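Undergrad: Need coordinates for the below:
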Amino acid sequence: MTRADLEKQPEQVSAMFDQVAARYDFTNNVLSVGNAPLWRVATTRAVAPKMGERILDVAAGTGTSSASLASTGAHVVAADFSPGMIEVGRARQAHRAHIEFVQADAMALPFDDDTFDAVTISFGLRNVADPARALAEFFRVTKPGGRLVVCEFSKPPHPLIRTGYGLWQRYAMPVLTRLVSSNDQAYDYLNESIDAWPDQAALARMIQGAGYRRVAWRNLTGGIVALHRGWKPAKAEEPAAGGEPAASTADGS
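TA: Numbers count the residues shown, from 1 in each chain. Model prediction:
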């Protein structure tokens, strides 16, 4: 079985996700104790897709998040680096008219500048070898006035939640992955990548560094997951200010 490490070599990451594609959604639902659908709903609401908009869903996997976004009539481009994920996604979402699957590298997107009304990525940014480069690509393909939404694992600010989640990762998750995953070693990498990922404020600064403005985040499930949003300045606006402070909003479930 293939697993990636924290160097996140693209061929290793792609091969790892190819191997878990068939059971990926089921495994995520089990490991999140049923929270994955709630995080998906929160992400869709944050993106706020509208009929006729073009939305890029990066690291879309099997298209579960893309289907939620497309339910409003928006056209969703579901991009993923893993051909195995794309294959499973195309089969599962074949009945949906508003989803287009494209194999793409988040660090070198095959789209023109100013193409999408919104760009979103869920639980994929930490798997990219150079997240800052990926965010710069997201900014490039976002239309002026368009928006970015990042849903990613984060750092619970409350000590009790942080400790409890750490125990869950260390003891419960390995047992469950051996039972339900097609590649339990891949989920060892999952835990390592979560632990190494920056906290909410640091990710907000990365998003600002890419050029987005009005960056804010909302904690979900006590901060185990965080939703970050930002907007690309309209052409008439001043360039994004690197020193503009990011803000957090109320915690959500």
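Undergrad: check contacts around residue 109.
TA: Neighbouring residues of residue 109 by C-beta atoms under 8 Å, 6 or more residues apart in numbering: 56, 58, 79, 137-138, 140-141. The C-beta positions use only the backbone N, C-alpha and C, and glycine is treated the same way.
Undergrad: Mind telling me the two of these farthest from one another?
TA: Distance extremes for these: the farthest pair is 79 and 140 at 13.9 Å, using C-beta to C-beta.
Undergrad: which of those two has more neighbours?
TA: A direct count of neighbours by other C-beta atoms under 10 Å for residue 79 and residue 140 places residue 79 higher, at 25 against 17.
Undergrad: mind checking how far the more buried one is from residue 209?
TA: Residue 79 sits 22 Å away from residue 209, taking C-beta to C-beta, to the nearest Å as the criterion.
Undergrad: So which residues of the stretch 1-150 of the chain form helices?
TA: Taking DSSP state H, counting those that start in this stretch to define them, one finds helices in the stretch 1-150 of the chain at 10-20, 24-31, 36-47, 64-70, 83-92, 131-141.
Undergrad: Ranked by average pLDDT, which of the ones you listed falls at the bottom?
TA: Among those, helix 10-20 carries the lowest mean pLDDT, at a mean of 59.
Undergrad: which residues touch the closest residue to residue 62 other than its chain neighbours?
TA: Nearest residue to residue 62 in three dimensions, chain neighbours excluded: residue 89, at 4.3 Å (C-beta to C-beta, 6 or more residues apart in numbering). For residue 89, the contacting residues are 60-63, 66, 78, 80, 101, by C-beta under 8 Å, 6+ apart.
Undergrad: What about those, which are in strands?
TA: Of these, the ones assigned to strands by DSSP state E are 78, 80, 101.
Undergrad: what would these look like in TSV with neighbour count, distance to residue 122 and pLDDT?
TA: TSV is the format used below for the ones in strands among the contacts of residue 89 (neighbours: other C-beta atoms under 10 Å; distance: C-beta to C-beta, whole Å; pLDDT from 0 to 100):
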residue	neighbour count	distance to residue 122	pLDDT
78	30	11	97
80	28	11	94
101	22	16	96
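Undergrad: quick check, nearest of those residues to residue 49?
TA: residue 78 (13.1 Å).
Undergrad: For residue 228, see how far away the closest one is.
TA: Residue 78 sits 20 Å away from residue 228, taking C-beta to C-beta as the criterion.
Undergrad: for residue 220, same thing?
TA: Using C-beta to C-beta, residue 220 is found at 11 Å from residue 228.
Undergrad: C-alpha coordinates for stretch 48-56, PDB please?
TA: Extracted as PDB, the C-alpha positions of stretch 48-56 are listed here (Å, rounded to 0.1, in the frame of the first residue of the first chain):
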ATOM      1  CA  ALA A  48     -23.200  30.500  -1.300                       C
ATOM      2  CA  PRO A  49     -23.400  29.200  -4.900                       C
ATOM      3  CA  LYS A  50     -25.900  30.900  -7.200                       C
ATOM      4  CA  MET A  51     -27.500  29.600 -10.400                       C
ATOM      5  CA  GLY A  52     -25.300  30.400 -13.400                       C
ATOM      6  CA  GLU A  53     -22.100  30.900 -11.500                       C
ATOM      7  CA  ARG A  54     -18.900  29.000 -12.300                       C
ATOM      8  CA  ILE A  55     -17.400  27.400  -9.200                       C
ATOM      9  CA  LEU A  56     -14.000  25.600  -9.000                       C
END
